[in-house]
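In: model this:
(chains A and B)
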2 protein chains.
Amino acid sequence: MNLDAFTRTSGEWLRGIGPDSDIVMSSRIRLARNLAQFPFINRCTESTLGEIEQLMRPIITNLPMQEKLSYLNVNKLSNLDRQFIVERQMISREHAERSGPRGVGLDNEENIGIMVNEEDHLRLQVLRSGFSLDECWDTINRIDDLLESEVTYAFSEEFGYLTACPTNVGTGIRVSVMLHLPALVITKEIQKVFQALQKINLAVRGLYGEGSQAMGDFYQISNQVTLGQTEHQLIDSIKEVVPNIISYERRVRNSLLKENRQGLHDQVSRAFGILSTAQTISSEETMHLLSSVRMGVNLGLIESLPISAVNEMFIFTQPAHLQKLQGGELESSERNAARANYLRQRISDASNSD
Amino acid sequence: MNLDAFTRTSGEWLRGIGPDSDIVMSSRIRLARNLAQFPFINRCTESTLGEIEQLMRPIITNLPMQEKLSYLNVNKLSNLDRQFIVERQMISREHAERSGPRGVGLDNEENIGIMVNEEDHLRLQVLRSGFSLDECWDTINRIDDLLESEVTYAFSEEFGYLTACPTNVGTGIRVSVMLHLPALVITKEIQKVFQALQKINLAVRGLYGEGSQAMGDFYQISNQVTLGQTEHQLIDSIKEVVPNIISYERRVRNSLLKENRQGLHDQVSRAFGILSTAQTISSEETMHLLSSVRMGVNLGLIESLPISAVNEMFIFTQPAHLQKLQGGELESSERNAARANYLRQRISDASNSD
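Out: Below is the predicted model:
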């Protein structure tokens, strides 16, 4: 599998085509699973890790699905390539940073990822554009069943699925949605959302999961509890709360428009202008300006840019993406120039093909 | 003469076609003259002012020149129209703000202006694009001779031309060039220029003459002495010093390019981006950004914009111009929106016709 191909395409989850995709960038479910016959990863020798991969790789690539999965040996990738697939949300940062035999099974649409030898033997994830948790669940549940027909999972009648970290025991499920909440950030109402989510035990993280900052006004909402509830209950708890946040964000956007349409239009339009013309630009400024532009496109204040192009710009302006596009390592100042180049070109192409 | 026509054209002095017009926006000479048979303006009754105008108007409009001059009754104009022709540098702010019968003779190219009943009975001015003081002198000297063949100027063998204010006595000449010095401002070298000019008794003013701020990095350099030297000596003193300032500005531009081409290109390009997209913009920000763009165009960093369009944008974004373009009075916030509209349209037109 040639990673360069991914610099010319983008995942389904970036196309902005699912329900409520003006605010919900993507939905994601992941399952943590372990094989009964092996010790947990943190107790594995390198050779045991190798055995696990030897076992799982053919099972993953031969899963009886419409499209066969590809498999990447993550340990054989360069640091740049590992960072590249992290930015693409194909693997976790932790998986990139581990050592020893490990890999990931992927489909071409970038909806499915099956990590081998992450914190657990298996980490299954399904990503979808928009607010599409049911579709995520249908797919991941089917993959889980297909895998379970081939291997024996570590499972306890009392606790459910056993996992390396106790926070994942039980269902091993993490259900999350990536929300774009610029209006709640502008008005500082986002603090109220955080407080409400904390009370019902939901976690808030940034674009790249645990420990990452909320860049570009993206917030990932996910469950923290995995034990004592069914998968459906946990999915439902997210499905119940997210529509409230969506309508809160929409309400605040509308009142911003009502109170000062010109001011909002000006902010959004200037952000677009700077992204279209800068000759050098930091990642932080890019995310900040793209967030304004994303809201502007969704409010009809910017017409010449499809939302898929904006979503892609968030990901393709990340450091490893820029370096893959340029075909080599770049220092920080070179990346800022490459980022500005990419943005000017991408916006010009999108506007001209309009 | 319909002033609305001036909203669809612009003066020769804005076309950026004269020598060194990357740095010298325009050259200007004005002569202060008084008629022997009348008291100075500050001693005139309203009816005497009327007599002076009655006398001068037919003389001005019948001057034997290739193109006959038009004549505007400044006292019959609305405040908006008066401000409009001040912005266009056809008359002085003082002339606009006086009361009583007064006017101005103008040519279509906006090179020539003959004010009647300003501080002196007659104020002749000739404006030209670029560093063109000789052309200004040839024209104004010819007009002065033509007028002198029709009227008797107040003249003393001892003092020369007599003027209402002693600072103009003698030659009655003010020689000035409007310089665009953004690089000297960025590097703060402009202070050295000020000090050097002060030592040789040259004055530095802003875009709209005495008392106006140096907006858009424009500085008007002019003589302060009018007595004891000939017109040619006074013109030569400006002609000698200006090339030094021009080459100073060029040297600093080149070293800015050499030290940090990308940074300069970024600044210039973003300024262009903001002007192309803002939905509301103050006059101050406009002048500041246009100054960057003007330097960028002259350094070849921006290609799609002719310099004449940039020069015009400085003038057409002034309050009275915007209100004439919109066809009515506008409040400050409405002007900021109208200014942004004008800029977006003007840049889009200029880029498309490229």
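In: got a list of what the nearest residue to A:Ile190 once chain neighbours are set aside touches?
Out: For A:Ile190, ignoring the flanking residues on the chain, the nearest one in space by CB to CB, 6 or more residues apart in numbering or on different chains is A:Leu184 at 4.2 Å. Every residue, glycine included, has its C-beta placed from N, CA and C. By CB atoms under 8 Å, 6 or more residues apart in numbering or on different chains, the contact list for A:Leu184 reads A:Ile190, A:Val193, A:Tyr248, A:Glu249, A:Val252.
In: please redo it, this time with the cut-off set to 6 Å
Out: A:Ile190, A:Glu249, A:Val252 (CB atoms under 6 Å, 6 or more residues apart in numbering or on different chains).
In: How many residues are close by the residue lying closest to the last one once chain neighbours are set aside?
Out: Right, the one you point to is A:Val252. What sits nearest to A:Val252 in space, not counting adjacent residues and going by CB to CB, 6+ apart, is A:Ala183, at 4.1 Å. When neighbours are defined as other CB atoms under 10 Å in any protein chain shown, A:Ala183 has 24 of them.
In: so A:Ala183 is in which element?
Out: Assigned by DSSP states H and E, A:Ala183 belongs to helix A:182-186.
In: can you list the contacts of A:Leu184 in TSV and add pLDDT and secondary structure?
Out: Rendered in TSV, the data for the contacts of A:Leu184 read as follows (pLDDT from 0 to 100; DSSP: H, G, I helix; E, B strand; the rest coil):
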residue	pLDDT	secondary structure
A:Ile190	92	helix
A:Glu249	97	helix
A:Val252	97	helix
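In: okay, the residues you listed in JSON lines with neighbour count next?
Out: Output for the contacts of A:Leu184, formatted as JSON lines (neighbours: other CB atoms under 10 Å in any protein chain shown):
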{"residue": "A:Ile190", "neighbour count": "22"}
{"residue": "A:Glu249", "neighbour count": "26"}
{"residue": "A:Val252", "neighbour count": "19"}
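In: which one of the residues you listed is nearest chain B?
Out: Using CB to the nearest CB, A:Val252 is the member of the contacts of A:Leu184 that sits closest to chain B, with 20.0 Å.
In: Let me see the contact set for that closest one.
Out: Each residue near A:Val252 by CB under 6 Å, 6+ apart is listed here: A:Ala183, A:Leu184, A:Thr187, A:Glu189.
In: ok, the residue nearest to A:Val252 touching A:Arg253?
Out: Yes - in this structure, A:Ala183 is within contact of A:Arg253 by CB atoms under 6 Å, at 4.3 Å.
In: what about A:Arg30, which SS state?
Out: Three-state call for A:Arg30 (DSSP: H, G, I helix; E, B strand; the rest coil): strand.
In: wait, doesn't it sit right on A:Arg174?
Out: Yes - look at A:Arg30 against A:Arg174 with CB under 6 Å: they come within range, at 5.0 Å.
In: any idea how far A:Asp134 is from A:Glu46?
Out: A:Asp134 sits 40 Å away from A:Glu46, taking CB to CB, to the nearest Å as the criterion.
In: just to revisit the earlier point, centre of the chain to whichever helix or strand comes after the helix holding A:Ala183, how far?
Out: Reading on from helix A:182-186 to the C-terminus, the next helix or strand found by DSSP H and E is helix A:190-199. From the chain centre to the centre of helix A:190-199 is a distance of 22 Å (CA atoms, centre = their mean, to the nearest Å).
In: And for the following helix or strand past helix A:190-199, what's in contact with it?
Out: Heading C-terminal from helix A:190-199, the first helix or strand you meet, by DSSP H and E, is strand A:202-205. Contact with strand A:202-205 is made by A:Phe194, A:Leu197, A:Tyr219, A:Gln220, A:Ile221, A:Ser222, A:Gln224, as judged by CB under 6 Å, 6+ apart.
In: who has more neighbours, A:Asp134 and A:Glu46?
Out: Here A:Asp134 and A:Glu46 are compared on neighbour count by other CB under 10 Å; more neighbours surround A:Asp134, at 14 against 9.
In: helices or strands up against the host helix or strand of the more buried one?
Out: In this assignment (DSSP H and E), A:Asp134 forms part of helix A:133-148. Packing partners of helix A:133-148 (3 or more CB pairs under 6 Å, 6 or more residues apart in numbering or on different chains; DSSP states H and E): strand A:24-33, strand A:122-129, helix A:231-277.
In: give me that answer again for 10 Å
Out: Here helix A:133-148 touches strand A:24-33, helix A:46-61, strand A:112-116, strand A:122-129, strand A:173-180, helix A:231-277, going by 3 or more CB pairs under 10 Å, 6 or more residues apart in numbering or on different chains; DSSP states H and E.
In: Now do the second one against helix A:133-148, angle only.
Out: Read that as helix A:46-61. For helix A:46-61 against helix A:133-148, the angle by axes from the mean of the first three to the mean of the last three CA atoms, to 10 degrees is 120 degrees.
In: Next, the angle from helix A:46-61 to strand A:122-129.
Out: Between helix A:46-61 and strand A:122-129, the angle comes out at 40 degrees (the same axes, to 10 degrees).
In: Rounded mean pLDDT for helix A:46-61, please.
Out: Rounded to a whole number, the mean pLDDT of helix A:46-61 is 97.
In: For that helix, which outside residues touch it?
Out: Applying CB atoms under 10 Å, 6 or more residues apart in numbering or on different chains, the set of residues contacting helix A:46-61 from outside is A:34-35, A:37-39, A:41, A:44-45, A:68-71, A:73-75, A:98-106, A:112, A:114, A:116-117, A:121-122, A:124, A:143, A:146-147, A:149-151.
In: Only whichever of these are buried, select them in ChimeraX.
Out: Remark: buried members of the contacts of helix A:46-61, expressed as a ChimeraX selection using 16 or more other CB atoms under 10 Å in any protein chain shown:
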select /A:34,35,38,41,44,69,71,74,75,98,100,101,102,103,104,105,106,112,114,116,117,121,122,124,143,147,151
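In: Quick check: residues of the stretch 201-350 of chain A near chain B?
Out: The stretch 201-350 of chain A comes close to chain B at residues A:261-281, A:301-302, A:333, A:336-337, A:340, A:344, as judged by CB under 10 Å from any CB of the partner chain.
In: buried subset of those residues?
Out: A:264-281, A:301-302, A:336-337, A:340, A:344.
In: Point me to the residue of the stretch 1-150 of chain A nearest chain B.
Out: Among all residues of the stretch 1-150 of chain A, A:Asp22 sits closest to chain B, at 21.1 Å; criterion: CB to the nearest CB.
In: Check that residue and give its pLDDT.
Out: Here, the pLDDT recorded for A:Asp22 equals 95.
In: Once you drop chain neighbours, what's closest to A:Gln326?
Out: A:Ala338 is the one closest to A:Gln326 (CB to CB, 6+ apart), at 5.4 Å.
In: helix, strand or coil for that neighbour?
Out: Per three-state DSSP, A:Ala338 ends up helix.
In: wouldn't it be in contact with A:Glu329 here?
Out: No - at 11.1 Å, A:Ala338 does not count as touching A:Glu329 under the criterion of CB atoms under 10 Å.
In: A:Thr171: what's it in contact with?
Out: By CB under 10 Å, 6+ apart, the residues touching A:Thr171 are A:31-32, A:160-161, A:163, A:223, A:225-235.
In: ok, A:Leu227 to chain B distance?
Out: Relative to chain B, A:Leu227 is positioned 52 Å away (CB to the nearest CB, to the nearest Å).
In: In which helix or strand does that residue reside?
Out: Counting by DSSP H and E, A:Leu227 is found in no helix or strand.
In: can you pull up the bridge partners for the nearest residue to A:Thr139 once chain neighbours are set aside?
Out: Distances taken as CB to CB, 6+ apart place A:Val126 nearest to A:Thr139, at 4.6 Å, with adjacent residues excluded. For A:Val126, the beta-bridge partners under DSSP bridges are A:Ile29, A:Ile112.
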